[in-house]
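J.: build me a model:
(one chain, ligands or ions: 2)
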Amino acid sequence: MMDASKYKVGYFPVSKEYNKWVEKDHIEKAPIWCSVDMRDGNQSLVIPMSLEEKLEYYKVLLQVGFKEIEVGFPAASETEYEFLRTLIDNNMIPEDVTVQVLTQCREHIIRKTFDACKGAPSAIIHFYNSVSVAQREQVFKKSKEEIKKIAVDGAKLVKKLAAEYEGNFRFEYSPESFTGTEPEYALEVCNAVLDVLEPSETNNVIINLPVTVEMSMPHVYASQVEYMSENLKYREFVTLSLHPHNDRGTGVADTELALLAGADRVEGTLFGNGERTGNVDIITLAMNMYSHGVDPKLDFSDMPYLVDEYEKCTRMHVYERAPYAGALVFAAFSGSHQDAIAKGMKYRAKNKLHQWNVPYIPIDPKDIGRTYDADVIRVNSQSGKGGIGYLLEQTYGYNLPPKMREHFSYLCKDISDHEHKELKPDEVLNIFEENYLNLTNGVTVTDFEFMRDKDNVKIGITFAKDGEETEMEAEGNGSLNAINNALRAYTGAEYTLQVFTQHSMQGQGSQSVAASYIGLEKEDGSMFWGAGTDTDVVKANTKALLSAYNNMIKGGN
Ligand SMILES: CC(=O)SCCNC(=O)CCNC(=O)[C@H](O)C(C)(C)COP(=O)(O)OP(=O)(O)OC[C@H]1O[C@@H](n2cnc3c(N)ncnc32)[C@H](O)[C@@H]1OP(=O)(O)O
Ligand SMILES: CC(C)C(=O)C(=O)O
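T.: Ligands and ions are numbered 1, 2, ... in the order given. Presented below is the predicted three-dimensional model:
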């Protein structure tokens, strides 16, 4: 049995005056991004990345456009240490990029970190200690003063070593487990650290407020961040950074609200990899801004490539429904969604719209390297005529009349339902071809000739069935009418030619091909459909008519 009494609120809301962020309704500019894929992401992997994998992943992060990258925890392992040395010794840190490393506030670990970073053209030394109630009581078993001293001593040592070691260093401090800490105490520790580091115009210090474990709803964190932003000393020389995790599934919301609350910088990972439920997903954050017209200053124009690289290097899998990046996030299987999307896409093309507002598709899939054909309209038993018809038209050029679309869509849905599978576009085409197009499984025409007589058309036509040919003559007010009259006379069938449409299909070789669609209605109201294609319009009509008739005599598709 679950027992909720085992749990209580373990976080510390700030006074209600710190809620000015509520008045803002969108993020106006991209924050400073810092990727922590290669540290927080890496430390949470079943098998942390090898040196080669880290090098490959580092290049991907540079391609995306990160200017700050936490590349590792050099004191953790030989691989982590060597990775730093490889970057520095081989001049692999571009001029506009700063690498960042993490260290505990323990002397030998800080020293090892500086050894790894020696000679770095630009590096952030990120030191942390946990300040939360739970960790003070259970892990460190120390008083508030003693915990503050760990941070202050850490700050003194990194400052000293930065002056002694060759290299260009900045500092970042994280009151780890900030979300389980009394905000007044977190502020006291951060200000004590800042007093040691003495931020200035030339010495900008990063204070990072981690949601080490997500404990509250996002608005509580936002107000805590606003409180810190307003009360931190040296604020103009401090970059206020966020580092949300996702335990309650609201890491993105935490970050967005905290940015409204005054934060300047975000640490996160691609696809939200990281401890437990992950770090905040930078792709979602950046693309959310993008979808509001804000340039995120990161390049996600080739998302499929990023997914491949990520899966290869981390051995993780991008969830099919991961925002923006998942395989299914632009896919619509369900009829009403497909119908609206198909109409929206047509409306967009017809009105030559620049602004994107297609129903159900929050951004243009093409912006991030996805396609409309393969990604958007997908066919299964939940699909409808709007979507299936659109797919057939967009992919293969067949624009069926509305009632025929409906008939065709039920055919596709039934097959998908009974075979219990998705139908790929080529399977949808096959169903169309096998059931409607140029059918010869019954009556065929082997020859015909027209003669014009004032308003009437006369036809001499040869029908064939089961190898037996029959010549007929008939007339009508047009060529199709004449052929139809000949067919009725030949077969004796009772029906009405109820629907006839036709269009040209471009792009099939050098000649334009005509596509015709015919619906025959029997007395009982049942409809039978056929389609015909030919470079000769009359032949296309004839094939459509015979296809519909052949469907009628076999009792339907
Ligand atoms: C929230 C985060 O993600 S923080 C980053 C976490 N990442 C990692 O830990 C990955 C890399 N870490 C490692 O490889 C190892 O932990 C190492 C090499 C850094 C240290 O390993 P070890 O020396 O074996 O120590 P371990 O990690 O178990 O630390 C435990 C000790 O460090 C203390 N400690 C832990 N964190 C800190 C800190 N930030 N500052 C000061 N002391 C700390 C603990 O209180 C404990 O002290 P004790 O020995 O008095 O009991
Ligand atoms: C070291 C800090 C920033 C951290 O990773 C966390 O608290 O999650």
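J.: can you map out the helices along the stretch 351-500 of the chain?
T.: 372-375, 385-396, 402-419, 425-436, 479-491 (DSSP state H, counting those that start in this stretch).
J.: wait, what's in contact with the residue in the stretch 401-550 of the chain that ligand 1 sits nearest to?
T.: The minimum distance from the stretch 401-550 of the chain to ligand 1, using Cβ to the nearest ligand atom, falls at Glu422 (40.7 Å). (Glycine included, C-beta is placed from N, CA and C.) Applying Cβ atoms under 8 Å, 6 or more residues apart in numbering, we find Glu422 in contact with 333, 378-380, 416.
J.: closest to ligand 2 out of the helices of the stretch 351-500 of the chain?
T.: helix 372-375 (34.3 Å).
J.: in JSON lines, list the helices of the stretch 351-500 of the chain along with mean neighbour count and mean pLDDT.
T.: JSON lines is the format used below for the helices of the stretch 351-500 of the chain (neighbours: other Cβ atoms under 10 Å; pLDDT from 0 to 100):
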{"stretch": "helix 372-375", "mean neighbour count": "16", "mean pLDDT": "79"}
{"stretch": "helix 385-396", "mean neighbour count": "22", "mean pLDDT": "94"}
{"stretch": "helix 402-419", "mean neighbour count": "18", "mean pLDDT": "97"}
{"stretch": "helix 425-436", "mean neighbour count": "18", "mean pLDDT": "97"}
{"stretch": "helix 479-491", "mean neighbour count": "20", "mean pLDDT": "97"}
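J.: give me the contact list for whichever helix in the chain runs longest.
T.: Ordering each helix of the chain by length in residues (DSSP state H) puts helix 144-164 first. Helix 144-164 is contacted from outside by 103, 105, 107, 110-111, 114, 125, 127, 129-131, 136, 140, 142, 169, 171, 173, 175, 185, 188-189, 192-193, 196-197, using Cβ under 8 Å, 6+ apart.
J.: among those, name the buried ones.
T.: Taking 16 or more other Cβ atoms under 10 Å as the criterion, what is buried in those is 103, 105, 110, 114, 125, 127, 129-131, 136, 169, 171, 173, 175, 185, 188-189, 192-193, 196-197.
J.: let's see which of those end up in helices.
T.: Reading helices off those with DSSP H, I get 110, 114, 185, 188-189, 192-193, 196-197.
J.: farthest-separated two in these?
T.: Phe114 and Tyr185 (28.9 Å; Cβ to Cβ).
J.: which residues of this protein lie near ligand 2?
T.: 40, 102, 128, 174, 176, 208, 210, 212, 243, 245 (Cβ under 6 Å from any ligand atom).
J.: dump those residues to a markdown table, plus pLDDT and neighbour count.
T.: As requested, the residues of the chain next to ligand 2 are exported to a markdown table (pLDDT from 0 to 100; neighbours: other Cβ atoms under 10 Å):
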| residue | pLDDT | neighbour count |
| --- | --- | --- |
| Asp40 | 98 | 23 |
| Leu102 | 98 | 25 |
| Tyr128 | 99 | 22 |
| Ser174 | 99 | 25 |
| Glu176 | 98 | 22 |
| Asn208 | 99 | 23 |
| Pro210 | 98 | 21 |
| Thr212 | 98 | 23 |
| His243 | 99 | 29 |
| His245 | 98 | 23 |
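J.: taking those together, which two end up most distant?
T.: Top of the distance list for these (Cβ to Cβ): Leu102 and His245, 14.9 Å.
J.: partners of Met451 in the sheet?
T.: The bridge-partner assignment for Met451, based on DSSP bridges, gives Lys458.
J.: measure it to ligand 2 for me?
T.: 87 Å (Cβ to the nearest ligand atom, to the nearest Å).
J.: ok, that residue - contacts?
T.: The neighbourhood of Met451, defined by Cβ under 8 Å, 6+ apart, consists of 457-460.
J.: narrow the residues you listed to just the buried residues.
T.: 457, 459.
J.: hmm, back to that, ok, and which of the residues of the chain next to ligand 2 reach ligand 1?
T.: 40, 102, 128, 176, 212.
J.: could I get those as JSON lines with distance to Leu480?
T.: Below are these laid out as JSON lines (distance: Cβ to Cβ, whole Å):
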{"residue": "Asp40", "distance to Leu480": "70"}
{"residue": "Leu102", "distance to Leu480": "77"}
{"residue": "Tyr128", "distance to Leu480": "80"}
{"residue": "Glu176", "distance to Leu480": "79"}
{"residue": "Thr212", "distance to Leu480": "75"}
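J.: ok and the helix or strand hosting Ser547 relative to helix 479-491, angle-wise?
T.: Using DSSP states H and E, Ser547 sits in helix 537-553. Relative orientation of helix 537-553 and helix 479-491, computed by axes from the mean of the first three to the mean of the last three Cα atoms, to 10 degrees: 40 degrees.
J.: any chance you could map the strands in the stretch 251-400 of the chain?
T.: Under the criterion DSSP state E, counting those that start in this stretch, strands of the stretch 251-400 of the chain are mapped to 265-268.
J.: up against ligand 1, what does it have?
T.: Glu275.
J.: next, the one residue in the stretch 251-400 of the chain that gets nearest to ligand 1: phi, psi?
T.: Ligand 1 sits closest to Glu275 of the stretch 251-400 of the chain, with a gap of 5.9 Å, by Cβ to the nearest ligand atom. Main-chain dihedrals, Glu275, degrees, to the nearest 10: phi -50, psi 140.
J.: tell me which residue in the stretch 351-500 of the chain sits closest to ligand 2.
T.: Here the residue of the stretch 351-500 of the chain nearest ligand 2 is Ile368; by Cβ to the nearest ligand atom that distance is 28.0 Å.
J.: neighbours of that residue, how many?
T.: 20 (other Cβ atoms under 10 Å).
J.: now do Phe500
T.: Around Phe500 there are 18 other residues, counting by other Cβ under 10 Å.
J.: need the contact list for the residue of the stretch 351-500 of the chain closest to ligand 2.
T.: 287, 300-303, 324-325.
J.: what's the domain layout of the protein?
T.: Per automatic domain parsing, the structural domains of the chain span 19-314, 335-436, 444-553.
J.: could you dump the ones you listed to a markdown table with distance to Lys6?
T.: Listed next are the domains of the chain as a markdown table, based on distance: least, Cβ to Cβ, whole Å:
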| stretch | distance to Lys6 |
| --- | --- |
| domain 19-314 | 15 |
| domain 335-436 | 39 |
| domain 444-553 | 64 |
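J.: tell me which of those is the most buried.
T.: With neighbours taken as mean count of other Cβ atoms under 10 Å, the domains of the chain reach their highest mean count in domain 19-314, at a mean of 19.
J.: end-to-end on that domain?
T.: One end of domain 19-314 sits 39 Å from the other (Cα to Cα, to the nearest Å).
J.: ok, stretch 353-369 next?
T.: Stretch 353-369: ends 20 Å apart by Cα to Cα.
J.: would you mind listing what in the stretch 51-200 of the chain touches ligand 1?
T.: Counting by Cβ under 6 Å from any ligand atom, the stretch 51-200 of the chain sits next to ligand 1 at 73, 75-76, 102, 104-106, 109, 128-129, 139-140, 150, 176.
J.: swap in 8 Å and give it another go.
T.: Contact residues (Cβ under 8 Å from any ligand atom) of the stretch 51-200 of the chain with ligand 1: 73, 75-77, 80, 102-106, 109, 127-130, 139-140, 150, 154, 176-177.
J.: which residue sits closest to the spatially most central residue of the chain, ignoring its sequence neighbours?
T.: Centroid-nearest residue in the chain: Tyr324, 1.6 Å away (criterion: Cα atoms, centre = their mean). Leaving aside its sequence neighbours, Tyr324 sits nearest to Met287 (Cβ to Cβ, 6 or more residues apart in numbering; 4.4 Å).
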